[in-house]
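# okay, sequence plus prediction incoming.
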Amino acid sequence: MSKYITIILFLFITNNNGYVGKFSYTERSELAWSDFRGKPNMNSAFGASVNTGITYQWSYGKDKGEIELNYQVDSFCYPSLSWVKRGQMSDGLLSHEQLHFDISELHARIMRKRLKEYKAGDNIRRDLNKMYKLVERMRINMQERYDEETDHSINKEAQKKWEKKVETLMWYYRNFTK
């Protein structure tokens, strides 16, 4: 007899009747300015903002005492929550926003690696929730550090360092794209 439990966690909750269009990094990893469809925040000092995140779902089956964990982790871009101010569309700014999407994908890969290595025990729900919260905290911290160190794309030298750093980390986690 098998017992299956499925948990789905979505990072973003909106007041857009609960629906927000999105596309995954797997579907399309390169951003274009046409992906920035939200209303610009005119009170913001920044020219653009991309809204990205990760989601995961998991289930497990228990058959003959063995626990089999199944999971799916995705990183997404939410175009209706992403925006750019008129006159601010530049290649440099788009590259900066692209790296935010790449950082979310990097953390999706980190989550996949941790899930693959996880040895299921008696507290699966608690363990996976704790794992997700840690990876999500790491993702948010990295996003914030990236913006601070690059001064939101103004510091070109720091931007190049971050591009190389994220490229190297994406390569390191290349076996965890699915």
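That came through fine. Numbers count the residues shown, from 1 in each chain.
# center of the protein, which residue is that?
Nearest to the mean C-alpha position of the chain, by Cα atoms, centre = their mean, lies S104 at 2.8 Å.
# pretty sure that one is in a helix, no?
Yes - counting by DSSP: H, G, I helix; E, B strand; the rest coil, S104 is found in a helix.
# where exactly do the strands run in this protein?
In the chain, the segments counted as strands under DSSP state E are 5-9, 23-24, 48-49, 52-63, 66-77, 83-84.
# strand 66-77 and the fourth one, what's the angle between them?
The reference is to strand 52-63. Note on geometry: by axes from the mean of the first three to the mean of the last three Cα atoms, to 10 degrees, strand 52-63 and strand 66-77 are set 170 degrees apart in direction.
# which of the residues in strand 52-63 are buried?
Judged by neighbour count using 16 or more other Cβ atoms under 10 Å, the buried positions of strand 52-63 are 52-56, 58, 60. To be clear about C-beta, it is placed using only N, CA and C from the backbone, and glycine gets the same treatment.
# thinking again about what came up before, reformat the strands of the chain as a markdown table; add distance to E149 and mean pLDDT.
What follows is the strands of the chain, written out as a markdown table (distance: least, Cβ to Cβ, whole Å; pLDDT from 0 to 100):
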| stretch | distance to E149 | mean pLDDT |
| --- | --- | --- |
| strand 5-9 | 29 | 37 |
| strand 23-24 | 27 | 95 |
| strand 48-49 | 17 | 96 |
| strand 52-63 | 18 | 91 |
| strand 66-77 | 21 | 92 |
| strand 83-84 | 22 | 96 |
